[in-house]
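Would you be able to build a 3D model of this:
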Amino acid sequence: MTATSLTEGVTLQNGVKMPQLGLGVWRAKDGEEVERAVQSAIENGYRSIDTAAVYKNEEGVGRALARSGVPREDLFITTKVWNSDQGYDSTLAAFEESRTKLGLDYIDLYLIHWPVAGKYKETWRALETLYRDGKVRAIGVSNFQVHHLKDLIADSTIIPMVNQVEFHPLLTQEDMRAYCREHSIQLEAWSPLMQGNLDHPVLTELAAAYGKSPAQIILRWDLQHGIVTIPKSVTPSRIAENANVFDFELKADDMAKLDALNENRRFGPDPDNFAF
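Just a heads-up that it's a prediction; the model follows:
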């Protein structure tokens, strides 16, 4: 079922509800920039905010949340443990640091940011502990390929509830999507707008046909595929535009046109070959 508003979404395997569209704050500077972006998003009806320790803007996100006046239970906040903090004890410490910076009693979704070889299993064990202790409502991973997921699941007691990966019309990750569906892992798209590389004839054609922007066409495509999507912006008008995707529906043949654009093209790092 496709969400019909910013407050609707998907139900994770443990029953927790997650908005299907949220705001990503990657590269948003801490302080006024990220605070203004989060404030604008919340004013436009967003209830999901995605940050990470490495973004170095959790404090700004927390300040904006505190000023928003929105009840805590109506918000869905995601953050992630960075690579250098992976490991059991260091992950527990990193979580507390993130939670404190955000000014929250609990986190809605905590993710392993990248599959650091030799460390992500111990990191996952820490996430399982945080989940069992009620400090986080859901746990998951980011940038995990199918082989990473298989390896992790083989030695874990809780299956990841979310896998946040680069996903867009030029990188549709069919095998990943099939594996996640099979194991009730919710797929979430980062960089859904291809880091601004939207000048594509099919996107231009569909945008004209539906009276929408190319960005709105992609976000609607995400929603109709049941993908959670978190477009990043610090521009209030763009934040509002990205939310205006619930008043139209892409036809089946237009969905197929977008599906056919796949080139296995990444704009971000390859999870099998990253160095940071």
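
In the stretch 151-276 of the chain, where is pLDDT below threshold?
By pLDDT under 70, the stretch 151-276 of the chain contains no weakly predicted segment.

what number of residues lie near the closest residue to residue 17 other than its chain neighbours?
Distance criterion Cβ to Cβ, 6 or more residues apart in numbering; nearest residue to residue 17, sequence neighbours excluded, is residue 11 at 5.5 Å. From N, CA and C alone the C-beta is placed, and that goes for glycine too. Counted by other Cβ atoms under 10 Å, the residues lying close to residue 11 total 11.

surely residue 11 meets residue 20?
No - the pair residue 11 / residue 20 is not scored as a contact, 10.6 Å apart, by Cβ atoms under 8 Å.

Common neighbours of these two, please.
Here residue 11 and residue 20 share no contacting residue, scored by Cβ atoms under 8 Å, 6 or more residues apart in numbering.

State the distance from residue 224 to residue 111.
Distance of residue 224 to residue 111, given as Cβ to Cβ, to the nearest Å: 24 Å.

out of those two, which sits in the busier spot?
residue 111 (27 against 17).

Just want the phi and psi numbers for that one.
phi -120, psi 150 (degrees, to the nearest 10).

Cross-check the contact I'm expecting between it and residue 165.
No - taking contacts as Cβ under 8 Å, residue 111 lies outside contact range of residue 165: 10.8 Å.

list residues touching both of those two?
Both residue 111 and residue 165 are contacted by residue 142, under the criterion Cβ under 8 Å, 6+ apart.

Helices of the stretch 101-250 of the chain, start to end?
120-132, 146-154, 174-182, 201-210, 214-224, 236-243 (DSSP state H, counting those that start in this stretch).

Fine, thanks again, bye for now.
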